[in-house]
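**Student:** turn this into a model:
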Amino acid sequence: KEMSGENGFAEVSTGPAVSSGATAVMHIGAVTIELSNEVSQDLLINIAQMLNEVKFILDNPERAKKWGLHIPNGMLLYGYPGCGKTFFAEKLAEELGMKFLMKHGSDIGSCYMHDTEKNISNPFAEARKNAPCIICLDEIDGIVHQRCKVEEADNVSLNSEVNEFLSQMNNCGKDNVMVIGTTNNPSLIDPAILRTGRMDKLIYVPLPNEKAREEMLRLLVNRVPHDKDINYANVSDACEGMVMSDIEAMYHQVILKCAREDMDITEDMLMVAAKDARRSVYPANDDNDKAMTIKPADTRIKGFTMAI
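**Tutor:** Below you'll find the predicted structure:
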């Protein structure tokens, strides 16, 4: 994907997203993502609903004005690291044909008094000039951390920074600006950010299931010379417990070996690499003292439990 353009924005248009029956389906350009387990289905249904809502409002400005409609002010994508939260934010902008502005905590934080507040307001001003626009705040928990009581705070400027962000988010949807925050630690975010009217949608991005892993493997391997008889379903099963970033790191090691030996990727190479690959998120295992229990139904919304 190419995220470039004037002022650092990107504007691309691709096909629609849909959901039906017991299976959720999303079309992103030439790629169709189909997920059938409960948590993954919830993700795509929520994304599809968001796409349809925003697209209707942007495509029908007169009707939206008549009924007092505006796009959502914000949406939080939360889940384990490496599951593609930022990817979904980028693809949402592409799907909707909206400009996209990515900001990280390092872009906003400053050692100078009140400079951080300015760095918070500037992206919103730029986004309003280039509306409709999505501002993606990667690792938003580091930008709008929970405020402390003034008498307990070591640095009261943190409160004013969060207050500035709250002020900027208020009714930004009326200006065709939507904020998407991504985090793997939502419990650190100030509660005032998460209320409806600011983050209108809270969407859990789950660990990839076997179908998602298979599709990613296929997309990666098809970029380079490879054996035509690779069984991607078998490799996907071998990658159980891996997040998207784990799969990409494993793939990099395989193509490095292939490049050195000038040979095509084979299924055996992928299977061996999958067996030895690092898992960023460990499934529950009594023999593994690093284990953590993954209970997708428990990690959604209630308590914002992200055990990493």
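
**Student:** which element is encountered next along the chain beyond the host helix or strand of V179?
**Tutor:** Assessed by DSSP states H and E, V179 sits inside strand 177-183. Counting by DSSP H and E, the next helix or strand C-terminal to strand 177-183 is helix 191-194.

**Student:** quick one: pLDDT of the residue sitting nearest the centre point of the chain?
**Tutor:** By C-alpha atoms, centre = their mean, the chain has its centre lying nearest to K85, at 1.6 Å. As predicted, K85 sits at a pLDDT of 88.

**Student:** the closest residue to A127 other than its chain neighbours pairs with what?
**Tutor:** Distances taken as C-beta to C-beta, 6 or more residues apart in numbering place C133 nearest to A127, at 4.1 Å, with adjacent residues excluded. (Glycine included, C-beta is placed from N, CA and C.) Note on C133: beta-bridge partners by DSSP bridges are K99, V177.

**Student:** count the neighbours of C133 for me.
**Tutor:** Neighbourhood size, C133 [other C-beta atoms under 10 Å]: 24.

**Student:** elements contacting the strand holding V179?
**Tutor:** With contacts taken as 3 or more C-beta pairs under 8 Å, 6 or more residues apart in numbering; DSSP states H and E, strand 177-183 sits against strand 74-78, helix 85-96, helix 115-129, strand 133-138.

**Student:** show me where pLDDT drops low in the chain?
**Tutor:** Counting by pLDDT under 70, the chain shows low-confidence ranges at 1-42, 110-114, 148-157, 282-308.

**Student:** ranges for the strands of the stretch 201-308 of the chain?
**Tutor:** Assigned by DSSP state E, counting those that start in this stretch, the strands in the stretch 201-308 of the chain fall at 201-204.

**Student:** show me where it has helices.
**Tutor:** Taking DSSP state H, counting those that start in this stretch to define them, one finds helices in the stretch 201-308 of the chain at 210-221, 232-238, 244-261, 267-276, 296-299.

**Student:** and H104, which of the ones you listed is closest to it?
**Tutor:** Closest to H104 of those, according to C-beta to C-beta: helix 244-261, at 16.6 Å.

**Student:** what comes up buried for that closest one?
**Tutor:** For helix 244-261, the neighbour count (16 or more other C-beta atoms under 10 Å) marks 244, 246-247, 249-251, 254-255, 258 as buried.

**Student:** which pair of the residues you listed spans the longest distance?
**Tutor:** Farthest pair in those (C-beta to C-beta) is M244 and C258. Separation: 20.9 Å.

**Student:** tell me, how many residues neighbour the residue nearest to G74 when sequence neighbours are not counted?
**Tutor:** The spatially closest residue to G74, leaving aside those adjacent along the chain, is V179, at 3.9 Å (C-beta to C-beta, 6+ apart). Applying other C-beta under 10 Å, we find 29 other residues in the vicinity of V179.

**Student:** V179 contacts M75, doesn't it?
**Tutor:** Yes - counting by C-beta atoms under 8 Å, M75 is a contact partner of V179 at 7.5 Å.

**Student:** give me the common contacts of these two.
**Tutor:** Common contacts of V179 and M75 (C-beta atoms under 8 Å, 6 or more residues apart in numbering): M199.

**Student:** endpoints of stretch 219-231, how far apart?
**Tutor:** Using C-alpha to C-alpha, to the nearest Å, one end of stretch 219-231 lies 13 Å from the other.

**Student:** what backbone torsions are found at the nearest residue to Q146 once chain neighbours are set aside?
**Tutor:** Distances taken as C-beta to C-beta, 6+ apart put D190 closest to Q146, at 4.8 Å, once the chain neighbours are dropped. The phi/psi pair for D190 (degrees, to the nearest 10) reads phi -60, psi 130.

**Student:** quick one: contacts for D190?
**Tutor:** D190 touches 144-147, 162, counting by C-beta under 8 Å, 6+ apart.
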